[in-house]
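1. with the input below, show me the fold.
(one chain, ligands or ions: 1)
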Amino acid sequence: MATTLPRLRGSNDPPTNALPALPMPKNRKSTGGIASPTRTSRSGLRAPSAASLHGGSPLSPAPTGALPIPRGAGVNSAGKSIRKTVSINSFPQPPKRTGSVPPSPLSGSVTPARRARTPQAISKTAFQSGGTPSFLNGGGEGKSLLGGAGTRHSDGLISIASPTQSRSSSAQDSYSTSATTYDDPSEMNGAGIKEKRASKGLDGKGNVLVSVRVRPDAGGSNGQTEGEWMVDGRKSLVAYRGREGGDYYYDNVFTTHDDNSRVYDHIAKRLVRRVMEGYHGTVFAYGMTGTGKTFSMQGTASSPGVIPLAITDIFSYIRETPSREFLLRVSYLEIYNERIHDLLSMPTANATGAGGAQEEIKLREDSKRGVYATPLKEEIVQSPTQLLRVIARGDQARRTASTQFNARSSRSHAVVQIVVESRERLPGGSGAEGKRSGLIPGGVRVSTLSLIDLAGSEKAAESKERRQEGSHINKSLLTLGTVISKLSEHKEKEGKGGDKDGKHLPYRDSKLTRLLQGALSGNSLVSILCTIQTGTAGSTASANSHATETLNTLKFASRAKNSIVSHAKRAEEALGAGGEGGARVLLERYRMEILELRQQLDTQAKSNHTKAEEAEKEKDAEEELAREKEAEARHEEQILEMQLARTALKERIDHLNRLILSSKSTGVNSNGTYSALGIHNRFSQTSIRTSFTAPNSLERTASRGSSASTIGRKSMGARHSSGEEATVNEEDSVGEYGDGMASLEAQNQALQADLADKNRYIATLEKRLVQARRASSSRTSAGFSTPNKGIMVGEDHSVSALIKEKDAEIAELRARLDDKDRMLTALRSVTRSRDAAEGLETQRSEARSSLLLESVSPPPQDALPDPPVAKTKRYSPVRKRSVDEMSKMLDEMIQDRVESGQLVRGVRGSVRVANDRKAGGITDLSHPGLELPRNDHPAGDEAPSLIREA
Ligand SMILES: Nc1ncnc2c1ncn2[C@@H]1O[C@H](COP(=O)(O)OP(=O)(O)OP(=O)(O)O)[C@@H](O)[C@H]1O
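-> Sure thing, here's the model as predicted:
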């Protein structure tokens, strides 16, 4: 099929220019079949004979005899000239409008302005508007389309500015092409026509307009009289004085001087308005090839035709109707060789000019939509410029070729369909509120404006391709004529117009009639423009041929006028999107979509809200978790502290136990009966008592080392009573030399070890205390830094209690250290005293020895007896005395301290550091009264190191 449907359009893409060029008649590319008109043989084609021209031509399918002549119409030859019976005034009346909108010209009342307009003036106007139509000067009629908004390009094309403006009326011309203000052009049809208006409009005939336009002859005749032809625009009359001649009256007859604007105003303007109001409307141009169908429908840049002017008025109407909102979609198809092609989705032409394959478009019928082509691309348009661009694109894709009578002949029937959807806006507003709520009152009204440029009938053609095209064209036009004839027959029989179901009419015989079924059967307002050419501009044969064709066209027009009965009604408003018809209503579909989207938005907003709440909850839960973790950490800290405290207490217990053992090991002899400290009973007692100020400790020590304590006392008693045994026993525990020095040193060492232990313990406690304080402070700061979280008063209280307890413990231990220090001091003093005593004894021995060497006389009685060697280790009385002295000194010293309040004597004779002294901390150890002067210490004395450790 592609090979038989050559495409010579360069591209189907939309124009890239800023503004589209108005369609130019015959600016389409040739199909390439025939490059130039051929006037040679027509053999092989069905050439209409005289008989066929009379009644059997493609345009006059029925023989003359068989052709029913409607009542009221006539042919001049038989005194039955075809009479115009209806006028455009019968179109449905527009709704009454207030304000600036003038009364409807269809109301029948004639305004003074109209009365003042004379046929002569109109004729003059028509004449002035003919000739060379000028887009800018409007032919002096003030009918310039676009009011100068168009821009003429160097190539002669014009760009139409958007928004399109309505054409304005002028002083000379009382009719206006404005979408809202217009006079009735049909008044210009003359008084004879007016007389007939009274009888029409009731049977629906008024919904059908048939007009004839005479194309100017190439020879330049004025078109008023051309041989046997007489055209009277004022009377809407075409008269032929030749064979089968007669007077043909129509709704409108346009002379060669009438321009496109005037033609549009009279044949389509009102119809377009009705379409905007909800009626279906069809305008089609019918006529022999080259007579001006395309010129009338498309026009030129300087003289736009019906299609661009209709587009102008559509948008003007929309602009001037704020009470409704509109949606426009457009499709463009052609019927070529009985196949339908979508001109808006034509595949890109390949190099050979042949178009690519396109999905076959079929005609379907729907109760709501009627007959429609599918699948067909529809484009939604929002401006006249956009709509013109779309149509210009379709025009470029349309097939044309050169024929005998037209260098750029349309080889297909082209159908532009503009679907108008409209819906009432909310009263008193822009509809914004309604749009927001999605509740628009009323339904959507859908109407269709079909603008059809039929292919021209052609008798014969040389090329096979042209002949094939012509055959299809003629066949479809013949079918159209047949349908119209049968419509007339049917009407005659049934007494009513049309065969709405089409059962008895051959609509299906051609795609064209099938597509026009709705319009022909009365569902639509119809306006038919038949184009003729009266001038011969050639040979007599040519003139005869023309006359025949023209007569056929006139007869077709007459039959159409008398056969087609329209019962067009305003389209029902579709509510909802149910059914195919409803689903096609884009306004409704969009409204539903908007509603749906709005619901989605709401749902999203809700879900966002829920998400936010969930996030909030999650955050709360996280915070709660963090708080719990914090509390857990605190709890762990507390447990740790407790463990530390427990460990500290355990260590203390161990330490105390060790102390006890240490006392045993140092103070108890091998058989466990004597304490080394028992030797210095007083010191021992004191030391024991002062070492363990806590009664428990003392008692415990006493109980565990009962032998030591009791032995201590016992040894003291024994020393005084029996002495010897005690002395022997004492020697076991007084050191290796049995002089008591070892015992003192051992005690010293043991005490120092104890001191070291205690210092370590204190250090441990202090370390833990620091840790506990740190933890406490961090917790407190955390407690303060976290608002509304509260401070763990109970916990802090327990910690502070623990700290206090530890402080007290430390203080106590320090007090014990003090005691130990004092013990050490005392022991050292004792050591020094002993050393001093031993020095004295040595001197005495030496003196005695010298005496013995000088005289072997017995030693004097007052002299001290020499102690036996074995007894050299015994305590001498001097030593004993010195120890006693030292003990006495120590007691005195302690007594001094007690008196001065530095020490407190216990019930059982023990002493301890006064509380205020304890609180003084370790520095109190350096009290002059208790501190051992360093210079007095022998080398290796531990006292300074003890102070340092402390
Ligand atoms: N009323 C008119 N005034 C001036 N020129 C006209 C008029 N009518 C037609 N023409 C010119 O006549 C030529 C043929 O017109 P047009 O192509 O419109 O005829 P047609 O009926 O469409 O032919 P076809 O059926 O072959 O397509 C064009 O060049 C066009 O400009």
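2. can you name the residue of the stretch 351-500 of the chain nearest the ligand?
-> In the stretch 351-500 of the chain, no residue comes nearer to the ligand than G456, which is 2.3 Å away by Cβ to the nearest ligand atom. C-beta: built from backbone N, CA, C; applies to glycine.
3. neighbours around the closest residue to that residue other than its chain neighbours, how many?
-> Taking Cβ to Cβ, 6 or more residues apart in numbering as the measure, G456 lies nearest to T289, with 2.8 Å between them; neighbours along the chain are not counted. When neighbours are counted by other Cβ atoms under 10 Å, T289 registers 23.
4. how about the one 10 residues further on?
-> Neighbour count of G299, defined by other Cβ under 10 Å: 27.
5. got phi/psi on it?
-> phi 80, psi -170 (degrees, to the nearest 10).
6. local confidence estimate at it?
-> At G299 the predicted local distance difference test score is 92.
7. and the nearest residue in space to it that is not next to it in sequence, what does it touch?
-> Counting by Cβ to Cβ, 6+ apart, G305 is the residue found nearest to G299 once chain neighbours are left out, at 2.9 Å. Residues in contact with G305, defined by Cβ atoms under 8 Å, 6 or more residues apart in numbering, are 23, 25, 260, 263-264, 294-299.
8. ok, so of these, who is nearest H609?
-> Nearest to H609 out of the contacts of G305 is P23 (Cβ to Cβ; 55.6 Å).
9. so S607, which of the three states?
-> helix (DSSP: H, G, I helix; E, B strand; the rest coil).
10. L595 versus that one, what's the distance?
-> Taken as Cβ to Cβ, to the nearest Å, the spacing of S607 relative to L595 amounts to 18 Å.
11. again, but for D891
-> 110 Å.
12. over to H635?
-> Going from H635 to L595 by Cβ to Cβ gives 58 Å.
13. next one: K650
-> Look at K650 and L595: by Cβ to Cβ, they are 79 Å apart.
14. same question for Y249.
-> Y249 sits 54 Å away from L595, taking Cβ to Cβ as the criterion.
15. so where's the stretch 751-900 of the chain shaky on pLDDT?
-> Per-residue confidence for the stretch 751-900 of the chain (pLDDT under 70) gives these ranges: 776-797, 841-842, 844-883, 886.
16. could you rerun that using 50?
-> Within the stretch 751-900 of the chain, the set of residues satisfying pLDDT under 50 comprises 783-793, 852-875.
17. what does it have sitting close to the ligand?
-> Taking Cβ under 6 Å from any ligand atom, no part of the stretch 751-900 of the chain reaches the ligand.
18. could I get the average pLDDT for the one helix or strand V420 maps to?
-> V420 is part of strand 413-424, with elements assigned from DSSP states H and E. Strand 413-424 shows a mean pLDDT of 90 in the predicted model.
19. let the chain start at 611 from now.
-> All set: I'll call the first residue 611, so the last point we hit is now strand 1023-1034.
20. which one's more surrounded, Y859 and L1205?
-> With neighbours defined as other Cβ under 10 Å, Y859 and L1205 compare such that Y859 has more, 27 against 13.
21. list phi and psi for L1361.
-> According to degrees, to the nearest 10, the main-chain angles of L1361 amount to phi -60, psi -40.
22. show me what contacts it?
-> L1361 sits in contact with 1430, 1433-1434, 1437, where contact means Cβ under 8 Å, 6+ apart.
23. checking Y889 next. Helix, strand or coil?
-> Per three-state DSSP, Y889 ends up coil.
24. tell me the contacts of it?
-> 702, 1057, 1134-1135, 1178-1181.
25. want to try JSON lines for those, with pLDDT, secondary structure and neighbour count as columns?
-> Below are the contacts of Y889 laid out as JSON lines (pLDDT from 0 to 100; DSSP: H, G, I helix; E, B strand; the rest coil; neighbours: other Cβ atoms under 10 Å):
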{"residue": "P702", "pLDDT": "42", "secondary structure": "coil", "neighbour count": "21"}
{"residue": "S1057", "pLDDT": "89", "secondary structure": "strand", "neighbour count": "22"}
{"residue": "S1134", "pLDDT": "86", "secondary structure": "coil", "neighbour count": "30"}
{"residue": "L1135", "pLDDT": "89", "secondary structure": "strand", "neighbour count": "30"}
{"residue": "A1178", "pLDDT": "72", "secondary structure": "coil", "neighbour count": "26"}
{"residue": "K1179", "pLDDT": "74", "secondary structure": "coil", "neighbour count": "13"}
{"residue": "R1180", "pLDDT": "74", "secondary structure": "coil", "neighbour count": "14"}
{"residue": "A1181", "pLDDT": "71", "secondary structure": "coil", "neighbour count": "22"}
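26. let's have these in a markdown table, adding distance to E1075.
-> Rendered in a markdown table, the data for the contacts of Y889 read as follows (distance: Cβ to Cβ, whole Å):
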| residue | distance to E1075 |
| --- | --- |
| P702 | 44 |
| S1057 | 38 |
| S1134 | 34 |
| L1135 | 37 |
| A1178 | 39 |
| K1179 | 43 |
| R1180 | 45 |
| A1181 | 41 |
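27. closest to T922 among those?
-> Ranking the contacts of Y889 by separation from T922, with Cβ to Cβ as the measure, puts S1057 on top at 17.8 Å.
28. for the ligand, give me its nearest residue in the stretch 761-910 of the chain.
-> Using Cβ to the nearest ligand atom, G902 is the residue of the stretch 761-910 of the chain that sits closest to the ligand, at 2.6 Å.
29. contacting residues for that residue?
-> Contacts for G902 (Cβ under 8 Å, 6+ apart) come out as 823, 825, 1141, 1143.
30. let me know the pLDDT of it.
-> G902 carries a pLDDT score of 90 in this model.
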